[in-house]
Structures are given as structure tokens and as C-alpha cells.
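Undergrad: Prediction below, plus the sequence it came from.
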Amino acid sequence: MEQTIYIIAKIYGISTLRYFIIAGVFFAVFYLFFPKQLQHFKIQQRLAGSKDFLREILHSLQTTLVLSVLAFIVLFTPFKQYTQVYDQLGDYPVWYLGLSVVLSLIVHDTYFYWMHRALHHPRLFRLTHLVHHQSTNPSPWTSYSFHLLEAFTEGAVLFLIVLILPMHPLGIVLFTIAGFVINVYGHLGYEIAPRWFRKSPLFELFNTSVHHNLHHSKFKGNYGLYFRVWDRLMGTEHPDYVKAYDEVQARRFGPKAPAAATLAQMPR
């Protein structure tokens, strides 16, 4: 029992440190050190308050504990023998480590889309997802701000991944880091995508900070996490997304960038 508590505490400590380092760096740059200089990057011009940040951090610490327990179950309990987790890097080609991370992100995005849509059912929304949507103007701290039940639901994707994909523990770590960085970008509240991205085929595939910010401000549509694929296939992408993105980019890069109506003018 003591060993179990020690391992979970160690995972929790590392995960909490990761949360504060990654989210904290983005928050420091955009919200503390250079908010005026980066104002034209801001998606919603209004600012969230310190009470919002504190609420988000407290919920995120709870979520991190839940995710730590789930990681412990996958890696340090008899459940592991039923998974495809492998401990020796030599069991698969070196290149597979990177591929496994990419495949994990694809599986996660699919899982997240359908889970997220389910959580927007009125009953489930009030029971769990409302906590996350208290942040109508998200910040980096929002990334893990979930109700306890939603935290378990969010983290359960790890069970699915290790059951269907061969995963080395290092691959799991890289997947969680990559996923969290993208998650922080989605909740950043600022759009930092380069100008060329709008005309790139990548724009048709990947989500942006504007994409997820619109979900928080409008409460519907844009359910995907990393990719636009499921939203476009299922017709759930918010109709004002491209206009909202162009409006922010026009503010950043000047009148040559595509212009659009402001976010405030868009219907809920």
C-alpha cells in the first residue's frame, strides 16, 4: 500500500510540475509579461479574472490526480498484462515510437470528439461538463479544468490506447506531453498560427486556438480536440469558425489578411 501511494504521488508530482511549467510559460508570456504587445493576438478582447484562474487551477489539480491514478493502473497493476504496453524499446523499430505517438493522438481525437458530444447532452452537461464551460473565455489554466467525473472520462482514453496500440512507457509520456501542449494552445485565448497557415492544406485538417475558443464562447459546435475532421464529417463545425479565424488574423497581420465580422457580432 505504501508503495502504491508513493508511485501515485510521484506520478502526480511530475504531472503537476508539467502542468505548471507548460501552462505557466504560456500564461506568463501572454497574460503577465506581454499582454499589451500581444493584444492583437487576443481572440476575445475581454479578460478573464484572477478568480477564474484560481478556479481553473484547483480543478486542474484534481484532474491531474485522477489522471495519475489512471496512469498507475495502466503501468503498475496487473491490468498491464492485458494491454499492449512493452518495456523494451528494441521490441519494435525505433521509428515506431514516434508513430505510436501520432496514432495515439488520432485515437484520442476520435474518442474525445464523441465523448465531448455526449457530454453536451443537457443532463450530462449540467452534471459534469458545465465545470469546464464556466471558462467562457479560456486561458492556459483551463486545459485540465474538469469536474471529477469528467476527469475520469477524459483520462479513460489511455485504457483504449494501450489496449489497441503497442505502446512503450516513453511513448505514453510523449503522447501526454504532446496532447497537453496542444490542449494549452487550444485554450490559450490567443491565436498564434502563422499567416501562411490559412492558405495551407493544414488549415483544413488541424484545429486552432480560435476553433476551440469559439466552442467555449458559443457552447456548441467544434467538438474536436486536435483535428477538424470529425466536426466537418458530422456537420458540427461552427458556421462562423472561418470568419472568426480570419477576423483575428486580420487584426494581427493587417488589412491584407481576410477580414470578417467580430466575434461579438456572431450569434450564439
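TA: That came through, no problem.

Undergrad: Report the contact partners of L89.
TA: 97, 168, 170 (Cβ atoms under 8 Å, 6 or more residues apart in numbering). For the C-beta atoms, the positions are set from N, CA and C on the backbone; glycine is no exception.

Undergrad: Centre of the chain to the host helix or strand of L99, how far?
TA: Per DSSP states H and E: L99 is located in helix 94-119. Here helix 94-119 is found 12 Å from its chain centre; the criterion is Cα atoms, centre = their mean, to the nearest Å.

Undergrad: Show me which residues of that helix are buried.
TA: 96, 100-101, 103-105, 107-113, 115-116, 119 (16 or more other Cβ atoms under 10 Å).

Undergrad: shaky segments in the stretch 1-150 of the chain?
TA: Flagging of the stretch 1-150 of the chain using pLDDT under 70 yields an empty set of residue ranges.

Undergrad: The same query, at a cut-off of 90, please.
TA: Within the stretch 1-150 of the chain, the ranges that satisfy pLDDT under 90 run 1-2, 45-49.

Undergrad: Where do the helices of it begin and end?
TA: Ranges of helices in the stretch 1-150 of the chain, per DSSP state H, counting those that start in this stretch, are 2-27, 50-76, 94-119, 122-124, 130-133, 148-155.

Undergrad: Buried residues, the first one. List them.
TA: Within helix 2-27, the residues that count as buried by 16+ other Cβ under 10 Å are 8, 11-12, 15-16, 18-20, 22-24, 26-27.

Undergrad: The last one now?
TA: Taking 16+ other Cβ under 10 Å as the basis for neighbour counts, the residues of helix 148-155 that come out buried are 150-155.

Undergrad: Kindly report the same for the longest one.
TA: Using 16+ other Cβ under 10 Å as the test for burial, helix 50-76 gives 52-53, 55-57, 59-75.

Undergrad: Using JSON lines, lay out the buried residues of helix 2-27 together with distance to W196.
TA: What follows is the buried residues of helix 2-27, written out as JSON lines (distance: Cβ to Cβ, whole Å):
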{"residue": "I8", "distance to W196": "44"}
{"residue": "I11", "distance to W196": "39"}
{"residue": "Y12", "distance to W196": "40"}
{"residue": "S15", "distance to W196": "35"}
{"residue": "T16", "distance to W196": "36"}
{"residue": "R18", "distance to W196": "30"}
{"residue": "Y19", "distance to W196": "31"}
{"residue": "F20", "distance to W196": "32"}
{"residue": "I22", "distance to W196": "25"}
{"residue": "A23", "distance to W196": "27"}
{"residue": "G24", "distance to W196": "29"}
{"residue": "F26", "distance to W196": "22"}
{"residue": "F27", "distance to W196": "27"}
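
Undergrad: Just name the closest of those residues to F197, please.
TA: F26 (18.4 Å; Cβ to Cβ).

Undergrad: Report the spatially closest residue to that closest one, excluding sequence-adjacent ones.
TA: Excluding the flanking residues, the one nearest F26 by Cβ to Cβ, 6 or more residues apart in numbering is P140, at 4.4 Å.

Undergrad: So what's the residue count around the one you found?
TA: 28 (other Cβ atoms under 10 Å).

Undergrad: ok, it - contacts?
TA: By Cβ under 8 Å, 6+ apart, the contact list for P140 reads 22-24, 26-27, 30-31, 184, 187-189.

Undergrad: Could you do Q134 as well?
TA: 52, 55, 145.

Undergrad: coming back round to it: redo the contacts of L89 as a markdown table? Include distance to F206.
TA: Shown next, in a markdown table, are the contacts of L89 (distance: Cβ to Cβ, whole Å):
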| residue | distance to F206 |
| --- | --- |
| L97 | 22 |
| H168 | 26 |
| L170 | 25 |
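
Undergrad: wait, which of the residues you listed is closest to L47?
TA: For the contacts of L89, the nearest to L47 is L170 (38.8 Å; Cβ to Cβ).

Undergrad: Just the element for the nearest residue to P239 once chain neighbours are set aside, please.
TA: Nearest in space to P239, with sequence neighbours left out and distances taken as Cβ to Cβ, 6+ apart, is G221 at 7.8 Å. Using DSSP H and E, G221 sits in no helix or strand.
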